[in-house]
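J.: Structure, please.
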Amino acid sequence: MSETRQTAPTQAPKKPGDVQLKTAEKEPLASTGDGDPGFLELPVVENTNRNKRGRRPDWLRVKLPQGQEFKKVRSLVDEYDLHTVCESANCPNMGECWSAGTATFMILGNVCTRSCGFCAIKTGRPDEGLDWDEPRRVAEAAEKMGVQHAVITSVNRDERQDGGAPIFAETIRRIHDLGATVEVLTPDFRGIRDACQTVFDARPDIFNHNMETVPRLYRRVRPQADYQRSLDVLHWAKNEDLRTKSGIMVGLGETEEEVVDLMKDFVEIGLDVMTIGQYMQPTQMHLPVEEWVHPDTFKWYKEVGEDLGIEHVESSPLTRSSYHAEKHV
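T.: So this is what the prediction gives:
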């Protein structure tokens, strides 16, 4: 199993011209969306568990964003024309993190070329080209926020051979120039090693790529992704002596045994940090919540993962990829 991961994929990765991208719908979304005409509707998935949006257990209740630090971050994001995954993905921890003066910046625009069944980020065809001024704006905003540890993520840019990796690399360099550490949460870059290597060579303090779910659910949850390919990307990063991190959501229909098997795959590639959080349906056009996983199960996952050999497992209902990220360096 490990031998397969050490070798390059036998099938040549698709080139940008081979990737069939959907064109954004001209009609606005239904009332459950935000009315943005550039946002593709995902097919309505029948909720087999009859969960209702907003009907959540007490342990999933969060405080509304407020406070001076929250307002300061909001102002800087607007001033520098930046995107945050906190907003785009409707993160439940935005109030807590922004009030603490931290945010996860999302580069390469706010339109993704993939249509994952769990994600609230817009899907469609991004604007052509790259915004080469974006790394400077991100770094200046981070400097004004006084961050000591920055988290940078992005949409998928499958229409590009480089996947936008050069923007990741330049942003890493500029954050390091501030004297801060940086974690990147990257796409899989379609398994193109050269694109991944561009990011590796910039030496992020943490290289994060999320597996999101167990292999059995990939076709339903991440139809344009591949479990082994994502695992390969993490393994490559580890072989470059980078600190590696990945995360999954639970409550999508996986079993506990499947989660433990995934943890074993992580141990085999030497993953350092794992995050586990509860999936929450962003709109009724996205995948339904099949189970509200109890906090005791999250505690058990943490114990099992660390006993298996993962250095640190951050596991709770409200855990997200960037939650307590500064503790994972």
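J.: Where does the prediction get shaky in the stretch 51-200 of the chain?
T.: Low-confidence segments of the stretch 51-200 of the chain, defined by pLDDT under 70, are located at 51-103.
J.: Which residue ranges of it form strands?
T.: Counting by DSSP state E, counting those that start in this stretch, one finds strands in the stretch 51-200 of the chain at the ranges 83-84, 104-107, 111-112, 122-123, 149-154, 181-185.
J.: For Ile172, list the residues it contacts.
T.: 152, 182, 184, 199, 202-204 (Cβ atoms under 8 Å, 6 or more residues apart in numbering). Every residue, glycine included, has its C-beta placed from N, CA and C.
J.: closest to Glu256 out of the strands of the stretch 51-200 of the chain?
T.: Within the strands of the stretch 51-200 of the chain, the stretch nearest Glu256 is strand 181-185; the backing value is 25.5 Å (Cβ to Cβ).
J.: From the contact counts, what lies against the closest one?
T.: strand 149-154, helix 165-177, strand 206-208 (3 or more Cβ pairs under 8 Å, 6 or more residues apart in numbering; DSSP states H and E).
J.: Distance to Pro288 added to those, as CSV?
T.: Putting the helices and strands packed on strand 181-185 into CSV (distance: least, Cβ to Cβ, whole Å) gives the following:
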stretch, distance to Pro288
strand 149-154, 25
helix 165-177, 33
strand 206-208, 27
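J.: ok so, going back, nearest to Val289, out of the strands of the stretch 51-200 of the chain?
T.: strand 122-123 (20.5 Å).
J.: Give the pairing partners of that closest one; include direction for each.
T.: strand 111-112 (parallel) (DSSP bridges).
J.: Give me the contacts around the partner strand.
T.: Under Cβ under 8 Å, 6+ apart, the answer for strand 111-112 is 24, 38, 119, 121-127, 155-156.
J.: From these, list the buried ones, please.
T.: 119, 121-124, 126, 155-156 (16 or more other Cβ atoms under 10 Å).
J.: Which two among the residues you listed are spaced furthest apart?
T.: Among the buried ones among the contacts of strand 111-112, Cys119 and Pro126 lie farthest apart (Cβ to Cβ), at 15.1 Å.
J.: quick one: the helices in the stretch 101-250 of the chain?
T.: Assignment of helices within the stretch 101-250 of the chain using DSSP state H, counting those that start in this stretch yields the ranges 134-145, 165-177, 193-201, 218-221, 227-239.
J.: And the ones you listed: which comes nearest Phe105?
T.: That would be helix 134-145 among those, by Cβ to Cβ, at 5.1 Å.
J.: May I see the buried residues of that closest one?
T.: Here helix 134-145 shows 134-135, 137-143, 145 as buried, counting by 16+ other Cβ under 10 Å.
J.: In contact with the residue lying closest to Thr181 once chain neighbours are set aside, which residues are there?
T.: Leaving out its chain neighbours, the residue that sits closest to Thr181 by Cβ to Cβ, 6 or more residues apart in numbering is Asp205, at 4.2 Å. Neighbouring residues of Asp205 by Cβ under 8 Å, 6+ apart: 149, 181-183, 243, 329.
J.: Quick check: which of the helices of the stretch 101-250 of the chain is nearest to Pro317?
T.: So among the helices of the stretch 101-250 of the chain, helix 218-221 is nearest, using Cβ to Cβ, at 18.4 Å.
J.: Which strands or helices does that closest one pack on?
T.: Against helix 218-221 (3+ Cβ pairs under 8 Å, 6+ apart) you get no helix or strand.
J.: Give me the contacts around that helix.
T.: So helix 218-221 is contacted by 116-118, 212-213, 225-227, 252, 287 (Cβ under 8 Å, 6+ apart).
J.: that older thread, of the contacts of Ile172, select the buried ones using a PyMOL command.
T.: Burial among the contacts of Ile172 is assessed by 16+ other Cβ under 10 Å; the matching PyMOL selection reads:
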select buried, resi 152+182+184+199+202+204
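J.: Just put the contacts of Ile172 in a markdown table and tack on distance to Val293.
T.: What follows is those, written out as a markdown table (distance: Cβ to Cβ, whole Å):
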| residue | distance to Val293 |
| --- | --- |
| Ile152 | 29 |
| Val182 | 31 |
| Val184 | 28 |
| Val199 | 32 |
| Ala202 | 36 |
| Arg203 | 36 |
| Pro204 | 30 |
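J.: Might you report the residue contacts of Leu234?
T.: 207, 209, 244, 246, 266, 269, 271.
J.: hmm, try it at 6 Å
T.: Residues in contact with Leu234, defined by Cβ atoms under 6 Å, 6 or more residues apart in numbering, are 209, 244, 246, 269.
J.: measure the spatially closest residue to Ile172 that is not a sequence neighbour to Val260 for me?
T.: Distances taken as Cβ to Cβ, 6+ apart put Ala202 closest to Ile172, at 4.0 Å, once the chain neighbours are dropped. Going from Ala202 to Val260 by Cβ to Cβ, to the nearest Å gives 34 Å.
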